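1. The sequence and its predicted three-dimensional model are supplied below.
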Amino acid sequence: MRSDRVMRRATPPRVYVPTGGRPPKHGGEFVFGQPDTWGQEHAATVTETRLYGKATVRAWDRLHPRLTKRAAWLDHDGELPIIEGTVIRLAVEKLPSGGVNKPVWLWWSGTDATLQDVDRCWQSFLRRFDIEHNFRFWKQTLGWTKPRLRSPEAADRWTWIVIAAHTQLRLARSLAEDLRRPWEKRTGPHRLTPARVRRGFRNLRSACPSPARAPKPARPGPGRPPGSKNSTIATRYDVGRVLATGEPHQRPAHHKKGTKPRRTVTIS
């Protein structure tokens, strides 16, 4: 969630007011940018992580947004509902990239969250972040959604091909060079992501030998036998050029590069 959101607390209990008036529908405000409005948290955990250092998590139960008839609720008839949930604030000690470790606000649609539920929510969020980048790499780089296949079976085969390519990139970590961007952190070969492995494959061609082609079926070995000459010239036609008689123009056998054929032609 955005760091400038404002949530509402649970509806306060109804009390008798002699002057009358409509009972309140929403409780006090919970402003993300104002710690004095947070109050006592419902659950709090501290976890040591390898990449982020100490992760401090605080959760507040039964908070809800104040809905208005805009966006998704434009066509809603009747009174807008109150959707209660749990707001989780995740603050880490450091970031792997060295950037500013701003706190992250998460929303869980469940209530009465335990300590195990809070830990599972923020750990699932970090894992989902990696999974979303993985799917983005499949779609934008490996072309998972690029072809327009006509059958579900062909789509399944193409998906398995993309998975195999992704696996090969992970297995080739020790072969690729770490070509990092100016803003990226240099890592060891065993920690390269598939995208950075693919980026380093551009320099492998100069270091690898050229593989031999398969021999032609008409002659033994690759290519023409030593000492033989090609006495026949293949017939070639120029695209879009025809003779005055309507026949396609054919290059003469004595035509050489850099000379123009002495024949009248018309452009169709």
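-> Noted; the coordinates are in hand. This one's a predicted model, so the numbers in the text were calculated from it and none came from an experiment.
2. can you pull out the helices in the stretch 101-250 of the chain?
-> 115-140, 152-171, 194-200, 204-207 (DSSP state H, counting those that start in this stretch).
3. Just name the most buried of those helices.
-> Most buried of those by mean neighbour count (mean count of other Cβ atoms under 10 Å) is helix 194-200; its value is a mean of 19. C-beta here means a position set from N, CA and C on the backbone, and glycine is covered the same way.
4. Verify the contact between Arg14 and Pro23 for me.
-> Yes - with contacts counted by Cβ atoms under 8 Å, Arg14 reaches Pro23, the gap being 4.9 Å.
5. Can you tell me the closest non-neighbouring residue to Gly39?
-> Excluding its sequence neighbours, the residue lying closest to Gly39 (Cβ to Cβ, 6 or more residues apart in numbering) is Trp60, at 7.4 Å.
6. Provide the secondary structure category for the one you found.
-> Following DSSP: H, G, I helix; E, B strand; the rest coil, the label given to Trp60 is strand.
7. what's across from it in the sheet?
-> Beta bridges link Trp60 to Val87, judged by DSSP bridges.
8. count of residues packed around it?
-> Counted by other Cβ atoms under 10 Å, the residues lying close to Trp60 total 20.
9. right, so of the helices of the stretch 101-250 of the chain, which gets closest to Trp108?
-> With Cβ to Cβ as the measure, helix 115-140 is the member of the helices of the stretch 101-250 of the chain nearest Trp108 (5.1 Å).
10. What average pLDDT does the closest one get?
-> Mean per-residue pLDDT for helix 115-140: 89.
11. mean confidence for stretch 201-209?
-> Mean pLDDT, stretch 201-209: 66.
12. Please apply the same query to stretch 72-92.
-> pLDDT averaged over stretch 72-92 gives 90.
13. Now do the buried residues in that stretch.
-> In terms of neighbour count (16 or more other Cβ atoms under 10 Å), stretch 72-92 has its buried residues at 84-90, 92.
14. Closest to Pro182 out of the residues you listed?
-> Using Cβ to Cβ, the buried residues of stretch 72-92 come closest to Pro182 at Val92, 24.4 Å.
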